[in-house]
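> Got a predicted model here, sequence first, then my questions.
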Amino acid sequence: MAPQERRAAIVEAVRPLLVEHGEAITTKQIATAAGIAEGTIFRVFADKDELLDAVLDATVDQAPLEAALRGIDRSRSFEDQLLEATVLLQKRVVDVWTLLSHLSAKRHEQVRGPMTDSPELAKLFAAHPGRIRTEPATAARYLRALTMSLTHPLIAAEAASATDIVDLVLHGVGRTQAGEGMA
């Protein structure tokens, strides 16, 4: 196996261990989970800290999310596309939070800062200009922010459904029936 492939395989094997045991995982546990000898870990990573950093980096890497968003079938209705995107966003929120909740505050500093924009999510909105009243990148930010706030376990006692989130983004909370709309 090529070094980059071995590195990626070890990172993927370690992620569930971190969720289960936190940073107290041992190199023996890592080796067993990855199906490798303990010494192999240190041929790929300088030390356990570098490995843990790599797991965190892989978890917050936006590239897999962008690829999944790119894979959404554009022949489906706009709402269905947004529902699928929202489910992907919700999974990401939970995955990142779950890992971070098992890591030390030192590692939290690695991921501080604003979310980067999602070009693929903006493209979903851009393909339907008649359905939105803001710029596609802004609509994408709204969907991501709302999804995060209505999904994150420390913010929402119970996650909102993807359907409710998409409805809220597309229609807001105001009534649309005659005489009941916003002034």
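Arrived safely, thanks for sending. Numbers count the residues shown, from 1 in each chain.
> Okay, and Pro153 sits in which element?
Assigned by DSSP states H and E, Pro153 belongs to neither a helix nor a strand.
> How confident is the prediction for the nearest residue to it once chain neighbours are set aside, by pLDDT?
Beyond its immediate neighbours in the sequence, the residue positioned closest to Pro153 (Cβ to Cβ, 6 or more residues apart in numbering) is Trp97, lying 5.9 Å away. For glycine as for every other residue, the C-beta is placed from the backbone atoms N, C-alpha and C. Trp97 is assigned a pLDDT of 90 by the prediction.
> Could you number the chain from 505 rather than 1 from now on?
Taking 505 as the first residue, the last one we looked at is Trp601.
> what sits against Trp601?
Under the criterion of Cβ atoms under 8 Å, 6 or more residues apart in numbering, the contact partners of Trp601 comprise 656-658.
> ditto for Leu628
If you count contacts by Cβ under 8 Å, 6+ apart, Leu628 has them with 573, 576, 582, 585-586, 589, 640, 644.
> Of these - the most surrounded one?
Of these, Leu586 is surrounded by the most neighbours, 27 neighbours in total, counting by other Cβ atoms under 10 Å.
> Isn't that residue up against Leu674?
Yes: with contact defined as Cβ atoms under 8 Å, Leu586 reaches Leu674; the gap is 7.3 Å.
> picking that back up, element containing the residue nearest to Pro657, please.
Element membership of Trp601 [criterion: DSSP H and E] is helix 582-604.
> circling back: what separation is there between the residue nearest to Pro657 and Val670?
When distance is defined by Cβ to Cβ, to the nearest Å, Trp601 is 21 Å away from Val670.
> Check Ala589 too.
Using Cβ to Cβ, one gets 9 Å for the distance from Ala589 to Val670.
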